[in-house]
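J.: Structure of the sequence below:
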Amino acid sequence: MRRHETRAARSVRHFSPRQRKDGRMPFVTTADGAEIFYKDWGSGRPVVLSHGWPLNSDSWEAQALFLASHGYRVVAHDRRGHGRSTQTWHGNEMDTYADDLATLVDTLDLRDATVVGFSTGGGEITRYIGRHGTSRVAQAVLVSAVPPLMLRTDDNPDGVPGEVFDGLRAGSLADRSQLYRDLADGPFFGNNRPGVEISAGIRDAFWRQSVQAGHRNAYECIAAFSATDFRADLARFDVPTLVIHGDDDQVVPFDVGGKASAALIKDARLIVYPSAPHGITDTHKEQLGQDLLAFLKEYDA
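T.: Numbering: from 1, shown residues only. Purely as a prediction, here's the structure:
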């Protein structure tokens, strides 16, 4: 069903059998037995939110509440190894992340969905489209996202030097709790910029979510988000796509991420947030919510 399905059909709320029968927190089970936790708020056409590293679905709560309050069914999951999902030893790479997302979308029978990915989640939805196509997807949104390719290589000379990611790995092994503290207090939200002061609550929430991730899972995800080449996946985008990125992003630089992705996706629309950092889901939550809502309504008109 696409645009011409009835509004009544589109507004039906779906519940997993586990939610209906035993009242436990909702999970879907992947082919290798991993349990993927998800939140399912509101009713209407579905919006699927994929989070960044090393966070979980709680990082989307401002957008989830806003969009669910405006007539959409919002589904946000914890990536394997993160949050409340299973901390598997293997599968900490983009192909498995994308297949886990496909399991979620298929199990909940989501159709005409708008898939939204922040940072590493942008890589997840991009690889999902690359591997599974857009038969269930109406729109895509990349927010501060890692595609097309973060790592500097011979054919990606403007990428981020490998030493940066080596530093993240070293910090993770030495004292990952402090690494997450330093990211939250510094570049993630732009708190290291003159005149910028991000609340302790926002920074503490980042740290809390980060330490919930499995040690191996978060460590291996550094390679997944930095070294995965998404250029072929972006070429498969055939739905309306919105790219949102701050031009003072110190984690995924604008030229490496949003600007480059928008140039590779046919007819993509690019919105630049002036002087905005990486973590715009918190620092620019009102603006982001309005931009997402406007884009969703374009399909529903």
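
J.: which residues does residue 82 contact?
T.: 51, 54-56, 212-214, 217-218 (C-beta atoms under 8 Å, 6 or more residues apart in numbering). The way it works is simple: take the backbone N, C-alpha and C, and place the C-beta from them, glycine included.

J.: which one of the residues you listed sits closest to residue 75?
T.: Among these, residue 51 lies closest to residue 75 (C-beta to C-beta), at 12.1 Å.

J.: hmm, back to that, could you tell me which of the contacts of residue 82 are located in strands?
T.: The strands, defined by DSSP state E, take in nothing from the contacts of residue 82.

J.: how about these in a markdown table, adding neighbour count, pLDDT and distance to residue 251?
T.: Listed next are those as a markdown table, based on neighbours: other C-beta atoms under 10 Å; pLDDT from 0 to 100; distance: C-beta to C-beta, whole Å:
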| residue | neighbour count | pLDDT | distance to residue 251 |
| --- | --- | --- | --- |
| 51 | 26 | 98 | 14 |
| 54 | 29 | 98 | 12 |
| 55 | 29 | 98 | 12 |
| 56 | 24 | 98 | 17 |
| 212 | 19 | 98 | 19 |
| 213 | 24 | 98 | 16 |
| 214 | 20 | 98 | 21 |
| 217 | 23 | 98 | 19 |
| 218 | 24 | 98 | 15 |
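
J.: Tabulate those residues (TSV), appending distance to residue 131.
T.: Below are those laid out as TSV (distance: C-beta to C-beta, whole Å):
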residue	distance to residue 131
51	19
54	23
55	23
56	23
212	27
213	23
214	24
217	20
218	23
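
J.: Pick out the most distant pair among those residues.
T.: Among the contacts of residue 82, 51 and 214 lie farthest apart (C-beta to C-beta), at 14.8 Å.

J.: neighbours around residue 183, how many?
T.: 24 (other C-beta atoms under 10 Å).

J.: Report the contact partners of it.
T.: Contacts of residue 183 (C-beta under 8 Å, 6+ apart): 206, 210.

J.: and residue 208, which of the three is it?
T.: Under DSSP: H, G, I helix; E, B strand; the rest coil, residue 208 falls in the helix class.

J.: just the helices in the stretch 51-200 of the chain please.
T.: Counting by DSSP state H, counting those that start in this stretch, the stretch 51-200 of the chain has helices at residues 61-68, 94-107, 120-132, 162-185, 200-212.

J.: So which of the ones you listed is nearest residue 37?
T.: helix 94-107 (10.0 Å).

J.: so what secondary structure elements neighbour the closest one?
T.: Counting contacts by 3 or more C-beta pairs under 8 Å, 6 or more residues apart in numbering; DSSP states H and E, helix 94-107 is packed against strand 27-29, strand 35-41, strand 45-50, strand 72-77, helix 120-132.

J.: Compare those and give me the one nearest residue 103.
T.: Comparing these by C-beta to C-beta, strand 27-29 comes nearest, at 5.6 Å.
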